[in-house]
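with the sequence up front, the predicted model follows.
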Amino acid sequence: MPENSNEGTPRPCLVCGESGAKSLHGGGGPLWRCRCGLVFVDPIPTTEEISTREDEAFHGGLIDETTEMFSAYYRDYPDDPVVRGFRATVRRLREMTGGGRLVDVGIGTGLLLHLAQEGGFRAVGCEISPGAAEKAHEEFGVEIRVGDFLEAEFDEPLDAITMADVVEHTPDPRLFLEQAAKVLRPGGGLFVAVPNHRSTLYWAADLIARIPGMSAMAQRLYVPNHYWYFTPDTLARLASDCGFEVKEVRGESPYLGRYSFSPLVKLGLATLIRLGEWTGLEARAEVYAVRRD
Ligand SMILES: [Zn+2]
């Protein structure tokens, strides 16, 4: 078998800057784990390849289990845990900032944007995919600017920014947090949510990945359009590096109701998620922070 040309020499860590990350599942990549806890993909696909994958993910072609995600709208789930979680996020951001102008970066279905508006923010989405923007606008009537957040300019400083399940899809999360700090007012609030690698879910995935013949199953949790797997510590450290004062780091559990897994897989995942709640090793990590002066 040809050797991976990248073996032994992944690039320095995005969070701590150190070299020498170790291959996560052996075999020299493409997943690497730094001593600080960050797991990352190296090499990262080209921007073109990334945008193709995002488009496939949006159209439900990338991972079978998420086919329903973009049709599982609010009207079918008016009070599920995702809605309750987003409402709590909006409340928290209002307490931190007093409300005002909020930009939701990477709108997903548009649900968080809609709930931010409902929660009293003047909320606008910033979305790179025209298809996702159109769909969310149709569904919720929300205002969305189509384009790259890294190049976005706003006519006044923002009061709050939300990035739910966004930075792990980007080639450089540091640039996203730096841009957030740039366009927020001092004291403006930031919410970032990502999958948490320091969780029972990824612990199980890494265990399974080492069993011969089972790695394909473990790879399902390392989805093809995620390039960064943060822990609560690495996410908070990055936010702090980018000009934020971290107010709260918390774990959150994913809600399986919107995924279409087989019953057996669902049972296994539900068990791991419950274990995560008991042990504090939940499958998602969230950071609330404010921009330093
Ligand atoms: Zn590191």
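Cool, got the structure.

C-alpha only now, for contacts and for neighbours.
OK.

pLDDT weak spots in the stretch 1-150 of the chain?
Along the stretch 1-150 of the chain, the model assigns pLDDT under 70 to residues 1-8, 60-78.

who in it is up against the ion?
Within the stretch 1-150 of the chain, the residues that sit near the ion (CA under 5 Å from the ion) are C13, C16, C34, C36.

of those, which belong to helices?
Taking DSSP state H, every one of these sits outside helices.

buried subset of those?
In terms of neighbour count (16 or more other CA atoms under 10 Å), the buried residues within those are C13, C16, C34, C36.

and which of the residues of the stretch 1-150 of the chain next to the ion is nearest to D206?
C34 (14.9 Å; CA to CA).

which residues does the lengthiest strand in the chain contact?
Counting residues, the longest strand in the chain under DSSP state E turns out to be strand 184-195. Strand 184-195 is touched from outside by 89, 93, 96-97, 157-168, 180, 229-230, 283-293, with contacts defined as CA atoms under 8 Å, 6 or more residues apart in numbering.

could you give me the ChimeraX syntax to select whichever of those are buried?
A single ChimeraX command selects the buried members of the contacts of strand 184-195 (16+ other CA under 10 Å):
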select :89,93,96,97,158,159,160,161,162,163,164,165,166,167,168,180,229,230,283,284,285,286,287,288,289,290,291,292
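
could you list which of the contacts of strand 184-195 belong to strands?
Filtering those for strands - DSSP E - leaves 158-164, 229, 284-291.

circling back: ok, the longest strand of the chain: who's next to it in the sheet?
Strand 184-195 sits in its sheet next to strand 158-164 (parallel), strand 284-291 (antiparallel), going by DSSP bridges.

which residues are contacting the helix or strand following it?
Moving toward the C-terminus from strand 184-195, the next helix or strand (DSSP states H and E) is helix 200-209. Contact partners of helix 200-209, identified using CA under 8 Å, 6+ apart, comprise 24-25, 196-197, 214-219, 221, 269, 272-273, 275-276, 281-283.

give me the buried subset of these.
With neighbours counted by 16+ other CA under 10 Å, the contacts of helix 200-209 contain buried members at 24-25, 196-197, 215, 218, 269, 272-273, 275-276, 281-283.

out of the residues you listed, flag the one nearest to F244.
For the buried ones among the contacts of helix 200-209, the nearest to F244 is N196 (19.9 Å; CA to CA).

separation between the nearest residue to that closest one once chain neighbours are set aside and the ion?
For N196, the nearest residue in space outside its immediate sequence neighbours is R284; the separation is 4.4 Å by CA to CA, 6 or more residues apart in numbering. As for R284, its distance to the ion is 19 Å (criterion: CA to the ion, to the nearest Å).
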